[in-house]
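> Predicted model and sequence follow; I will ask about them next.
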Amino acid sequence: MFSIPGKQAVTITPAAAKQIARLMARDGHSGLRIGVKKGGCAGMEYTMDYVDQTDPMDEVVEQDGARVMIAPMAQMFLFGTEIDYQVSLLESGFKFRNPNVVDACGCGESIKFDEKLSAGE
């Protein structure tokens, strides 16, 4: 597991915590698992899935009634990320402010990480 003692892997803004808690309560799920997978025009994409059980290898972040689980293979890519929830006239959704991202596509759905991070250095 990739972590620093006493520091959460990700932070959740109050708006994101409220939305995650609302989704958990509405649908009866125990949390939201976030991860990354290969895909998109920049090389990687975030994933978000409802979960009913925590994997023992997940990093769990709980705040204000929200529970986020970080998949084991994504922990090093997401460390230091802030998860926000934004609403505008045209769209609403979760936004990731990730210091590990070195490039992103124009649509904002696809990201690229430093080659050293991807190689596990």
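Ah, there it is.
> When you work out contacts or count neighbours from here on, use the C-alpha atoms and nothing else.
Noted.
> Helix, strand or coil: sort out the most far-flung residue of the chain relative to its centre for me.
Largest separation from the mean C-alpha position in the chain: L89, at 23.6 Å (Cα atoms, centre = their mean). Following DSSP: H, G, I helix; E, B strand; the rest coil, we place L89 in the coil state.
> which outside residues touch the helix ranked longest in the chain?
Longest helix in the chain, counting residues (DSSP state H): helix 14-27. Outside helix 14-27, the residues within contact range by Cα atoms under 8 Å, 6 or more residues apart in numbering are 29-32, 63-67, 83-86, 94.
> Using neighbour counts, pick out the buried residues of that helix.
Using 16 or more other Cα atoms under 10 Å as the burial criterion, the residues of helix 14-27 that qualify are A16, A17, K18, Q19, I20, A21, L23, M24.
> Relative to M44, which of the residues you listed is nearest.
Nearest to M44 among those: A16, at 22.1 Å, using Cα to Cα.
> circling back to that earlier point, in CSV, could you pull the C-alpha coordinates for the longest helix of the chain?
This file holds the C-alpha atoms of helix 14-27, laid out as CSV (Å, rounded to 0.1, in the frame of the first residue of the first chain):
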residue,chain,number,x,y,z
PRO,A,14,-17.2,19.4,1.5
ALA,A,15,-19.1,19.5,-1.7
ALA,A,16,-17.8,16.1,-2.8
ALA,A,17,-18.3,14.5,0.6
LYS,A,18,-22.0,15.7,0.6
GLN,A,19,-22.6,14.3,-2.9
ILE,A,20,-20.9,10.9,-2.1
ALA,A,21,-22.8,10.6,1.1
ARG,A,22,-26.0,11.4,-0.7
LEU,A,23,-25.3,8.8,-3.3
MET,A,24,-24.4,6.2,-0.7
ALA,A,25,-27.7,6.9,1.2
ARG,A,26,-29.9,7.0,-1.9
ASP,A,27,-28.6,3.7,-3.4
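> Great, nothing more from me.
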